[in-house]
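>>> Sequence and predicted structure, then a few things I'm wondering about:
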Amino acid sequence: MALLARLRPLADGILVRLTAYYAAVFVVGWAAWNIAPAAARTFLERNLGPVMGGAQPTGDLTAPFTPAVPTPMGSSHEMAILAMMVGAMAIVLALPMAWVYMYTRQKKGFQQSVVHTIVLMPAVVAAVSLLVRNNTGLAFALAGIVAAVRFRTALDDSRDAVFIFAVSALGLACGVHLEFAAALSLLFNLIALGLWYSDFGRTPPGFEGARAEAHLQRALAIANRTSQFVARVDREVLESLSPAQLDALAQRVRKRRDEVAPSETPRWTAQLQVVVSDDAGRPAVEKILADRTKQWEFARAEFLPEGTRLTYRVRTRKAMPAQEVATFVESDATPYVASVSVQEDPA
């Protein structure tokens, strides 16, 4: 039951999508072949024969192709049609690989340009493989051109390079053998998802029994030393999180910190409202508050016809209540202070 509970999120997400997608591709292909008229099937046999493992049409609809050595391409318009077909099929088979890439990279984040490359590159490679299929000189010329090109974009992760290489092989397979391309797409996605879900390679194998207990005790000992514990969390947990996940974690940590040890906020004992006649009154009032109170804070200023009303929150000393502080403000800040009012225990 525990295993089923762990697999349920994966089964409800990417696995269901991939299964439905491959099944839909197979059903649509099978239905299109059986519904298409005889003239259309003959046309497809003639144009898809070179990329069905070098097969040749047999005339038998139950087994339309037989293995054979690849033959030269047909006319120019047939070449164009074949290029569009294999390009479309390459994109169809590359889409689930792009989904797997985005799903397995959702924690660290990914570049949209890499996703576009995974989808588009197989179509380009498939078309190129058709172009050089029966022309050795053209193949060598193309290899020289590609070798001269320098790409300046660096990939963030070595797994990105694996996906790029895989879709390149997929495009090549689409231009040579479509059945192999379909098998490659399905197998690669299953292996990539299995490695990602099992977190293969995260820890060495064999952590059972006494070794697992020793590993746990060592981790608990490290947890008792704050600096090493924080460094271990940063290395093993935080490095694998995306920016959005780090922001959410930071909010959660601040909330938990306030729950464990709430931040101390000043307990204000009174609120003073002082009406001053000009701007010189505020420095005089604040000097008296600094001398006569334990702590004070300026709240707001309001402009009145008779002057400016300054509001302060104060934390008084035991030997000097708020009313006595107000008396000192009114007497010592003369002639700037017009009136002083006190509100005990402000909300």
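Thanks, I have it.
>>> how would you label the closest residue to R309 other than its chain neighbours: helix, strand or coil?
Closest residue in space to R309, ignoring its immediate chain neighbours: E302 at 4.5 Å, by Cβ to Cβ, 6 or more residues apart in numbering. For the C-beta atoms, the positions are set from N, CA and C on the backbone; glycine is no exception. Of the three states, E302 takes strand according to DSSP: H, G, I helix; E, B strand; the rest coil.
>>> the domain parsing of the protein - what is it?
Per automatic domain parsing, the domain ranges recorded for the chain read 2-198, 270-344.
>>> could those domains be laid out in a markdown table, adding mean neighbour count?
Shown next, in a markdown table, are the domains of the chain (neighbours: other Cβ atoms under 10 Å):
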| stretch | mean neighbour count |
| --- | --- |
| domain 2-198 | 15 |
| domain 270-344 | 16 |
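>>> Can you check which of these gets nearest to Q251?
domain 2-198 (17.7 Å; Cβ to Cβ).
>>> surely the residue nearest to R309 meets T311?
Yes: counting by Cβ atoms under 8 Å, E302 touches T311, with 7.5 Å between them.
>>> mind listing the helices for the stretch 151-300 of the chain?
Using DSSP state H, counting those that start in this stretch, the helices of the stretch 151-300 of the chain run over 158-176, 178-198, 209-223, 226-236, 243-260, 281-292.
>>> With just CA atoms, put the second one into CSV.
In this case it means helix 178-198. Written as CSV, here are the backbone C-alpha positions of helix 178-198 (Å, rounded to 0.1, in the frame of the first residue of the first chain):
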residue,chain,number,x,y,z
LEU,A,178,10.6,4.9,-38.2
GLU,A,179,9.9,1.8,-36.1
PHE,A,180,13.2,2.0,-34.4
ALA,A,181,12.5,5.8,-33.7
ALA,A,182,9.3,5.0,-32.0
ALA,A,183,10.9,2.3,-29.8
LEU,A,184,13.8,4.7,-29.0
SER,A,185,11.3,7.5,-27.9
LEU,A,186,9.3,5.1,-25.6
LEU,A,187,12.4,3.4,-24.1
PHE,A,188,14.3,6.7,-23.4
ASN,A,189,11.3,8.2,-21.7
LEU,A,190,10.7,5.2,-19.4
ILE,A,191,14.4,5.1,-18.4
ALA,A,192,14.6,8.8,-17.8
LEU,A,193,11.5,8.7,-15.6
GLY,A,194,12.7,5.7,-13.7
LEU,A,195,16.1,7.3,-12.9
TRP,A,196,14.5,10.5,-11.9
TYR,A,197,11.8,8.9,-9.7
SER,A,198,14.2,6.5,-7.9
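>>> and that helix with helix 158-176, angle?
Interaxial angle, helix 178-198 versus helix 158-176 (axes from the mean of the first three to the mean of the last three Cα atoms, to 10 degrees): 160 degrees.
>>> sorry, back to before: rebuild the domains of the chain as TSV, extending it with distance to K255 and mean pLDDT.
What follows is the domains of the chain, written out as TSV (distance: least, Cβ to Cβ, whole Å; pLDDT from 0 to 100):
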stretch	distance to K255	mean pLDDT
domain 2-198	22	74
domain 270-344	25	88
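>>> Ignoring the adjacent residues along the chain, who's closest to I164?
T117 (6.4 Å).
>>> for W268, same thing?
Nearest non-adjacent residue to W268, counting by Cβ to Cβ, 6+ apart: R313, 4.2 Å away.
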